[in-house]
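Participant: sequence unknown, structure follows:
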């Protein structure tokens, strides 16, 4: 059974690129346009992995991670930030919020797939 992945990004083009990359590796992909959309979807579904942007309307990535970590079925789910934010301060905030890892945009599809394999096994 393939793993279920949630992609969260307010950029349609980023969502599409990540979705194509992951679907080509046989992952089941669900997309969300911002943190609030993602949180709503996570109330009624569970995912094996969450990939989220930081800067989004309605709810940013750090707030989403903190919210997901408060839900029983997302306490140990791998959550990776995929963002233009590359500063050490922001990475520290991500780690404190509960992020499993950090990737900087623009992303390399092969590197993303490597991260997925490492985190999901």
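Facilitator: Looks like it arrived, so ask away. A quick note: this is a predicted structure, and the numbers were derived from the prediction, not measured.
Participant: Pull the residues that contact the host helix or strand of residue 66.
Facilitator: Using DSSP states H and E, residue 66 sits within helix 61-69. Here helix 61-69 makes contact (Cβ atoms under 8 Å, 6 or more residues apart in numbering) with 8, 35, 38-39, 42, 50, 52-55, 59, 74-75, 77, 79, 81, 83, 93-94, 97-99. For glycine as for every other residue, the C-beta is placed from the backbone atoms N, C-alpha and C.
Participant: and those residues, which of them are in strands?
Facilitator: 8, 50, 52, 79, 81, 83 (DSSP state E).
Participant: what's the burial count for the second one?
Facilitator: So that's residue 50. 25 (other Cβ atoms under 10 Å).
Participant: wait, what's in contact with the spatially most central residue of the chain?
Facilitator: Nearest to the geometric centre of the chain sits residue 51, at 1.2 Å (Cα atoms, centre = their mean). Contact partners of residue 51, counting by Cβ under 8 Å, 6+ apart, are 5, 6, 7, 8, 18, 79, 80, 82.
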